[in-house]
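Novice: I would like to see how this sequence folds:
(2 chains)
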Amino acid sequence: MPDVLELVGALPTPQWGAWEPLALSLLTAGAAALILAAVAAWQGRAPARPFALAALAAGVSGQAALFVSLEQPLRAYEFFLHPSFTSWTAAGAYIVPAFLACALLLAWRTRAPGSAGRLPAVAALAAGIAVFVYAANEIMACLGRALWTGPLVPPIFLVAGLSGAVGLAACLAGSSRLTGALARTLAGYAALAVAGCTVLAAILPPPPGFAGAVSLWWRAPEALCLLAAVVALAGWRRPGLGIFAAGLAGLAGDFLLFWKLIQLGQAFPRAAATVADKAAFLDLFTFPSLLAVAGIGGLLLALAALLPRVLPQKPLSASQGLRYAAKEPS
Amino acid sequence: MDPAAAAGHLQAYSKGDAMDRRSFLKLLGLGGASVGVLDAADVLAAAPGQGPRYAMVVDLRRCVGCQSCTVSCGLENRTPVGDFRTTVGEYVVRDAAASPPLVASLPRLCNHCEKPACIPVCPVGATRQRDDGIVVIDGSLCLGCGFCVQACPYGARFLNHETKTADKCTFCAHRLAAGLLPACVENCVGGARRFGDVRNPDSLVAKMLRDYDGKLAVLYPEKKTKPSVYYLGLDPFFVSAADVAAPMPYRDLRLGGPHA
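Specialist: Numbering: from 1, shown residues only, chains lettered A, B, ... in the order given. All right, here's what the predicted structure looks like:
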C-alpha cells in the first residue's frame, strides 16, 4: 500500500447543525420515557405519571427541533402529499404524531394513580418502540457516514434515550412534593445512565482509515459526559437542587452522546482527508448552536412547568391511597 | 509519508524528468485533437430504439489537476462560494516499489449511481433517477432535510443555503437538453472527462468502456451503488472508502515547515 499525502482537497462543512442532535436526543428521551411510563402504568405504579409527562414534553420539544432543522420547514406538508415508502424519515412523519397522541393519552390517564388502563399502556409501549426503530434506522440508512452505520448505533440510541428519560422524569418528580422518594430513585438511575453514555461515547471508534487522524477533540464529548456523570453521582441523594442537577446531567449525557455521533460523525469527510473533529466539537459553543439549545431548552422547561398544571394530578381516594402506598418505596 | 521526503522527491522529479518543449507541444496538439473529438451531437446521440443512458469516463492520465472543471461548474451552476458540485483532489503517491513519487489528481462529482443511496432516504421523492440515468433533485419538492447529503458515500451533495434545497451535479442536464456537453467536460483542458451514452455503441464512452475493460475502476465499489462515473488510471489506493490519505500538515505549513 503506497503512502499518500493529500495536497489539495475540498473540506465540506457539517451539513447539520445543533438541531439534529437536539431532535434525536429529545425524541429518544421521549420514546424511552413513554416505554417506561407504559410499563409503570401496566403495573399501576407511581413513576407512570412523571414518565408520561416527560414523554410528552420531550416529544413535543423534539418534534419542534425536527421541524426547525428543515431548510424548508413550511414545506412539511410534502411529507403527506408525496410520501416515500422507502424512507424512515417519511415513516417518522406518521410515527411521531402517533407517539405524541399516545403520550398525551397516557399523561391524561395517569392523572389519577393506578388508573391508566392497559390498552393505553400497550399503545404507548408500541409508539415508544416505533420511535426508537424509526429514529435509529433513519440515521443508519445514511450509508455515507461510516460512524452512523456501525453496530454501536442501536445501543447509543437506547442508552442516550434512557439517560434523557430518567433525567427529565427526575426533574419532573423532583418538582412535586408528593414524589420525593421517587425523584431520588430516578435521579440515581439518571446518574447510572449518564455513566453509560460516557462509556458508549468513549468506546465509539472513529471510522476505518481515520483512526490515526483524530485529535484529542474526538474525546471531548465523553469528557463532558464524565463531568455530567460526576455531577449526577454527587447530587442524586440530595433533595432539591441535587436531584435537579442529576436530572439535568441525564439530559446532558443524552445530548452529548448524540453530539458525538452526529456532529463528530460529520467531521470525517468522504472526499478529503482532513478530519475536522475540533471544529465539529466546538460548533457546540457557536452562537447558532447555543441559540438552538437555549430555544429548545426553554420550550422543554416551559412544557415541564406547564404540563403538570394543565394535566393536574387527581387526589387519591382513601382506598386508592392504601393500595398505592403498599407498592411504592417510602 | 514524511512531508520533507515527499517535498524532496517532488523537487527531484520535477528537475530530473522535466519534459522538453517539443514533447510538450506534441502532447498539447494530441490533447487538443482529442478534445475536438468530443462533438456534442455525436456524444449525446442515443442508440436507435432506446433512450440514452449517460455515463462519464475520467481519464486520469490526462488530468493535470488544473481545476478548470471545478471553476466552470461553479460558474455554470452558480454554486454558493465554498460549495462545489465537482472538485479535484490532488495527492502525492509514493509507492515503496516505485520511485519517484507521483502527483495524482482525482476529480470527484456525483456518480449518478445505478443504485443510488440518496434516493431511498428522500422522504418526499424529491430525488429521483431519470430514464437516462441522471439523478436529479426536484427543487420544488425538496425540504432540505439533508438525509440525501448524509447518505451519499461520495460526499457529492450539499445543502445549498441560498436555494434552501439539496444540491449536486446533474451532468448539466440543462445543457444536455440544449444539445451541449456538461460544462466540466467542455472546459477540461486535458480532455480527461469523457461523457456520453453507454447504450450507443459508437459513443466515445461506450468505446472506452469496451477498449479499457478491466482497466476502469469506480470509487467505493464496496458501497454497492454501481456508479456511472468510471476512472481510467486510478491508483488502487483510492478505490476503497476505508483507505484515507494523510492530510496535509497545515500547521507545519503555517509555521514554515519543510514544505512551506
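
Novice: Neighbours of residue A:309, how many?
Specialist: Using other CB atoms under 10 Å in any protein chain shown, residue A:309 has 7 neighbouring residues. No exception for glycine: its C-beta is placed from N, CA and C like everyone else's.

Novice: before we move on, what about the one 4 residues further on?
Specialist: Under the neighbour criterion other CB under 10 Å, residue A:313 is assigned a count of 15.

Novice: Residue B:112 versus that one, what's the distance?
Specialist: 59 Å (CB to CB, to the nearest Å).

Novice: For residue A:212, give its distance to residue B:231.
Specialist: 26 Å.

Novice: When the two are compared, which one has more neighbours?
Specialist: The neighbour count for residue A:212 versus residue B:231, taken as other CB under 10 Å, is higher for residue B:231 (24 against 9).

Novice: In chain A, what residue comes closest to chain B?
Specialist: Nearest residue of chain A to chain B, counting by CB to the nearest CB: residue A:71, 2.3 Å away.

Novice: In which helix or strand does that residue reside?
Specialist: Using DSSP states H and E, residue A:71 sits in no helix or strand.

Novice: Outside of stretch A:32-44 itself, list whatever touches it.
Specialist: A:46-48, A:51-52, A:54-55, A:58-59, A:99, A:102-103, A:106, A:109-110, A:113-114, A:116-118, A:120-122, A:124-125, A:127-129, A:131-132, A:158, A:161-162, A:164-166, A:168-169, A:324, A:327 (CB atoms under 8 Å, 6 or more residues apart in numbering or on different chains).

Novice: chain center to it: distance?
Specialist: Put simply, stretch A:32-44 sits 17 Å off its chain's centre (CA atoms, centre = their mean, to the nearest Å).

Novice: cool, and stretch A:213-232?
Specialist: From the chain centre to the centre of stretch A:213-232 is a distance of 18 Å (CA atoms, centre = their mean).

Novice: Can you give me the buried ones in it?
Specialist: A:213-214, A:217-222, A:224-229, A:231-232 (16 or more other CB atoms under 10 Å in any protein chain shown).

Novice: Does that stretch reach chain B?
Specialist: Yes: judged by CB under 8 Å from any CB of the partner chain, stretch A:213-232 comes into contact with chain B through residue A:213.

Novice: Give me the contacts around that stretch.
Specialist: A:187, A:190-191, A:194-195, A:197-198, A:201-202, A:206, A:245-246, A:249-250, A:252-253, A:256-257, A:259-260, A:264, A:273-275, A:277-278, A:280-282, B:244, B:246-247.

Novice: Turn the buried ones among those into a named PyMOL selection, would you?
Specialist: The following PyMOL line selects those of these that are buried, judged by 16+ other CB under 10 Å:
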select buried, (chain A and resi 187+190+191+194+195+197+198+201+206+245+246+249+250+252+253+256+257+259+260+264+273+274+275+277+278+280+281) or (chain B and resi 244+246+247)
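
Novice: about what we covered before: for ChimeraX, write the select line for the buried members of the contacts of stretch A:32-44.
Specialist: Those of the contacts of stretch A:32-44 that count as buried under 16+ other CB under 10 Å are selected in ChimeraX with:
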select /A:46,47,48,51,52,54,55,58,59,99,102,103,106,109,110,113,114,116,117,120,121,124,125,127,128,131,132,158,161,162,164,165,166,168,169,324
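
Novice: Check whether residue B:89 really touches residue A:4, as I assumed.
Specialist: No: using CB atoms under 8 Å, residue B:89 makes no contact with residue A:4, being 10.3 Å away.

Novice: Looking at the contacts of stretch A:32-44, which are in helices?
Specialist: Assigned to helices by DSSP state H, the following of these qualify: A:48, A:51-52, A:54-55, A:58-59, A:99, A:102-103, A:106, A:109, A:118, A:120-122, A:124-125, A:127-129, A:131-132, A:158, A:161-162, A:164-166, A:168-169, A:324, A:327.
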